[in-house]
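[1] predicted coordinates and the sequence they were generated for:
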Amino acid sequence: QIQLVESGGDLVQPGESLTLSCTASGFTADHFAIYWFRQAPGKERERVSCMSVLDGTTDFADSVKGRFSVSRDSAKNTMYLQMSGLMPEDTAVYYCAKGSYWDWRYSYLEIWGQGTLVTVSS
C-alpha cells in the first residue's frame, strides 16, 4: 500500500525549531518529488516546499524562505522538513505529498499524508 505518514508535530514557543518527518511506504521516495503543505485554521492550504531529489532542486514559499529546509534519508525512505525561527503564523497542520514525477515542476500531486499539527505559541 502506497502511503505517507507525517510525524513530529508539537507545541513550541516562538523562535524555536522543529523537524517534521514524512515516511513513505509502498514506493521509493527518492524517485518522486515530495512536497510539504500546510493549512492553518480558516485558511487555504499553502505549499511550503517541494523537492526534486535527482537534481536537488528545491523551492520554498516566501513566507518560510531562510527558515525552513528539507532533506531526506534514503535508507529510511523518509523526508524531513526542518523549521527554525518558528512564528505563531506558522501554526498549521502540515502535510507531505507525493508527486507523480521526480521533478516537482512537472508533477501533479498523487498521495497525501494525514497531516501533523504544529502549534507555535508562548
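    Here it is on my side, so go on. Numbers count the residues shown, from 1 in each chain.

[2] check what pLDDT residue 105 gets.
    Per-residue confidence at residue 105 stands at 89 (pLDDT).

[3] residue 46 too?
    96.

[4] so what's the backbone phi/psi at it?
    Backbone torsions of residue 46, given as degrees, to the nearest 10, read phi -120, psi 130.

[5] run a quick neighbour tally on the nearest residue to it once chain neighbours are set aside.
    In space, and not counting its chain neighbours, residue 46 is closest to residue 38: 5.6 Å by C-beta to C-beta, 6 or more residues apart in numbering. Where C-beta positions appear, they are placed from N, C-alpha and C, glycine not excepted. When counting by other C-beta atoms under 10 Å, one arrives at 24 neighbours for residue 38.

[6] helix, strand, or coil at residue 38?
    Three-state assignment for residue 38 (DSSP: H, G, I helix; E, B strand; the rest coil): strand.

[7] that one and residue 106: what is the separation?
    Residue 38 is 23 Å from residue 106, where distance means C-beta to C-beta, to the nearest Å.

[8] tell me the bridge partners for residue 23.
    Counting by DSSP bridges, residue 23 is bridged to residue 5, residue 78.

[9] wouldn't it be in contact with residue 34 here?
    No. Residue 23 lies out of contact with residue 34 (C-beta atoms under 8 Å); the separation is 11.2 Å.
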